[in-house]
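Visitor: Coordinates for the following, if possible.
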Amino acid sequence: QVQLVESGGGLVQAGGSLRLSCAASGSFFSINRMKWYRQAPGKQRELVATITSSGVTDYGISVKDRFTISRDNAKNTAYLQMNSLKLEDTAVYYCNTDRVRLSNLDWKYDVWGQGTQVTVSA
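Guide: Numbers count the residues shown, from 1 in each chain. Below is the predicted model of the structure:
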């Protein structure tokens, strides 16, 4: 099976930076798209950033030009570099992949991490 584990969250002042990591562990061949979502209290989960297996990226409009998603396929890890943080970036950040190849004939879909809290203070 495969697990995603996020790390790097914490408390930061507005204008500061944080780097989140999402490490995949278990037995698998490859991971397809990796995504970062976030959910603030009382709000719906929001897609923040996506990166394909070949490194093509896409961002939500609220974080574009401030956040950068990247991945290291050799380490099975995705990252989210968050700069110029704002109060409204406060949320639990979740890592997700839409598809993991477990073997030649076996796939696992829609895998989520447990989330990491990011709190931005004034």
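
Visitor: List the neighbouring strands of the lengthiest strand in the chain plus their orientation.
Guide: Longest strand in the chain, counting residues (DSSP state E): strand 91-101. Applying DSSP bridges, strand 91-101 is found paired with strand 30-31 (antiparallel), strand 34-39 (antiparallel), strand 107-112 (antiparallel), strand 116-121 (antiparallel).

Visitor: Nearest residue to the middle of this protein?
Guide: In the chain, the centroid-proximal residue (C-alpha atoms, centre = their mean) is Trp36; its distance is 2.9 Å.

Visitor: Distance of it relative to Leu80?
Guide: For Trp36, the distance to Leu80 equals 5 Å [C-beta to C-beta, to the nearest Å]. Placement of C-beta: from N, CA and C, glycine included.

Visitor: Now do the shared contacts for the two.
Guide: The contact sets of Trp36 and Leu80 overlap at 20, 22, 48-49, 69, 93 (C-beta atoms under 8 Å, 6 or more residues apart in numbering).

Visitor: The closest residue to Gly55 other than its chain neighbours in helix, strand or coil?
Guide: Of all residues not flanking Gly55 in the chain, Arg71 sits nearest, at 7.1 Å (C-beta to C-beta, 6 or more residues apart in numbering). For Arg71, the secondary structure call by DSSP: H, G, I helix; E, B strand; the rest coil comes out as strand.

Visitor: re the thing from before, and the residue nearest to the centre of the chain, how far is that from Asp106?
Guide: 26 Å.

Visitor: next one: Thr119
Guide: Thr119 is 39 Å from Asp106, where distance means C-beta to C-beta.

Visitor: ok, now Ser27?
Guide: Distance, Ser27 to Asp106, by C-beta to C-beta: 10 Å.

Visitor: what's the answer for Gln44, then?
Guide: 32 Å.

Visitor: cool, Asn83 as well?
Guide: Taking C-beta to C-beta, one finds Asn83 at 39 Å from Asp106.

Visitor: Looking at those two, which one has more neighbours?
Guide: Taking other C-beta atoms under 10 Å, Asn83 and Asp106 do not tie; Asn83 has more neighbours (14 against 10).

Visitor: Verify the contact between that one and Arg19 for me.
Guide: No. Assessed by C-beta atoms under 8 Å, Asn83 is found out of contact with Arg19, at 9.5 Å.
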